[in-house]
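A.B. asks: Sequence first, then the predicted structure:
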Amino acid sequence: MNYANMIEEKNLKKTFIVATLCSTLIGTFTSSMGLWDRVQDKRKQTKKDTKQDDEIKKLREAVEKSESRSKEREEQLRKRDELGYNFEQSGALIQRQYDEGYGRLGRRFAQGDTATENQLQAQIIALQQTVIHVLQDALYNDRQLTRADMAKLIAASNAAREGSLDALRQQQNRLAIEAPSPPRSLSLSAPKRASTVVESDPLYCRYSLDLQYIPNKPLAASFAPGRDCKCPACGLRLDVTADDFWQIGKRTPVLIAEKGYEKEILETREFHLGQRFVIKCHTADGEYACVLCNKNRDVDAICRSVESLVKHVGTFHDIKELEREMDLVERQIPLALPAPAH
Ligand SMILES: [Zn+2]
Ligand SMILES: [Zn+2]
């Protein structure tokens, strides 16, 4: 066991409280479904056991049963599907809302504030209480899970989902208003932030700013193939080599003229994100702050890894923003697929 890792992990859990609570919440949806299945299985088992004493009754019922059983099983499966779908959707929606907030606000969103912490905790407790209550009741009274049980669980799931989505949305608004991105004294392209701001620590490493302001400045020798990828200014090793690049594909409808008619086709445009873009996003803390957000948006997106930076650029920014960024190079793709004909 690596002691240093343990400390880091403990610290991480404590700091990124909203991230942790969201994953607990999503986990509750999944584990609830597992509990439902187990209660249902147990119920089937006991049903079989008690029936074993009553052979005659069993035989007599066999004929009617065979007909109604398939219906019953169908009904059970349908209930399960409906519930499972609801739980799955709730978890996915919360995950999406979290990702959006994190994409826009970065670690500040993952850390969150006390209001969100309390709201999310309340949602988790309420959901878990309902799940435990409903399933225990069925288990102790040795009865089948009913439509009413399912309705209670779905209501609890809906409430937990809506409550959590609200909490995350409100936090996103709060954080965006409370703390607009810190001012950057060197920022040439952001007059909107210039007026009454107080000087604070610069977001980017000095070397990142050099690359941002001098577009054709070649990369330092340490970033050449086979070298150690250490930043000449802050000394941090950056997780991108000369050979690394990522493709960002964007599908977009375009109108073309064909035999005198205008026709809409879906065109895929591909941008390559490479070493220079990544390097000029790095902060003195070894994180990556999206330069597109820094230039065009009110709030910075700070990503903990190169992968999440790439994912952020690909999902959060539109083609126009990608086009304008000189360190995102567009590659021509020969194939254009026609849109479905109407
Ligand atoms: Zn640096
Ligand atoms: Zn961005």
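C.D. replies: Cool, the structure landed. Ligands and ions are numbered 1, 2, ... in the order given.

A.B. asks: Now do the same contact list for the nearest residue to Phe277 once chain neighbours are set aside.
C.D. replies: With Cβ to Cβ, 6 or more residues apart in numbering as the measure, Asp327 is the residue that lies nearest to Phe277, at 4.1 Å, once sequence neighbours are left out. In short, each C-beta sits where N, CA and C put it, glycine included. For Asp327, the set of contacting residues under the criterion of Cβ atoms under 8 Å, 6 or more residues apart in numbering consists of Leu273, Gly274, Arg276, Phe277, Lys280.

A.B. asks: any chance of those in JSON lines, with pLDDT, neighbour count and distance to Gln212 too?
C.D. replies: As requested, these are arranged in JSON lines below (pLDDT from 0 to 100; neighbours: other Cβ atoms under 10 Å; distance: Cβ to Cβ, whole Å):
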{"residue": "Leu273", "pLDDT": "94", "neighbour count": "23", "distance to Gln212": "15"}
{"residue": "Gly274", "pLDDT": "93", "neighbour count": "16", "distance to Gln212": "15"}
{"residue": "Arg276", "pLDDT": "96", "neighbour count": "20", "distance to Gln212": "10"}
{"residue": "Phe277", "pLDDT": "97", "neighbour count": "27", "distance to Gln212": "10"}
{"residue": "Lys280", "pLDDT": "96", "neighbour count": "23", "distance to Gln212": "5"}
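
A.B. asks: Need the residues you listed in TSV (columns: distance to ligand 1 and secondary structure).
C.D. replies: Conversion of those to TSV gives the following (distance: Cβ to the ion, whole Å; DSSP: H, G, I helix; E, B strand; the rest coil):
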residue	distance to ligand 1	secondary structure
Leu273	19	strand
Gly274	17	strand
Arg276	14	helix
Phe277	15	helix
Lys280	10	coil
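
A.B. asks: Now the element after the host helix or strand of Gly91, going C-ward?
C.D. replies: Taking DSSP states H and E as the definition, one finds Gly91 inside helix 55-105. Scanning forward in sequence from helix 55-105, with DSSP H and E defining helices and strands, the next element found is helix 107-111.

A.B. asks: what about the strands in the stretch 201-342 of the chain?
C.D. replies: Per DSSP state E, counting those that start in this stretch, the stretch 201-342 of the chain has strands spanning 245-258, 261-274, 288-289, 302-303, 328-331, 337-338. These are given in chain order.

A.B. asks: deepest of the ones you listed, which one?
C.D. replies: Scoring these by mean neighbour count under mean count of other Cβ atoms under 10 Å gives strand 288-289 as the most buried, with a mean of 26.

A.B. asks: do it and ligand 2 meet?
C.D. replies: No: counting by Cβ under 5 Å from the ion, no contacts exist between strand 288-289 and ligand 2, the nearest distance being 8.5 Å.

A.B. asks: what's near enough to touch Gly84?
C.D. replies: Met33.

A.B. asks: can you list the domain ranges for the protein.
C.D. replies: Partitioning the chain according to automatic domain parsing yields domains covering residues 3-178, 206-338.
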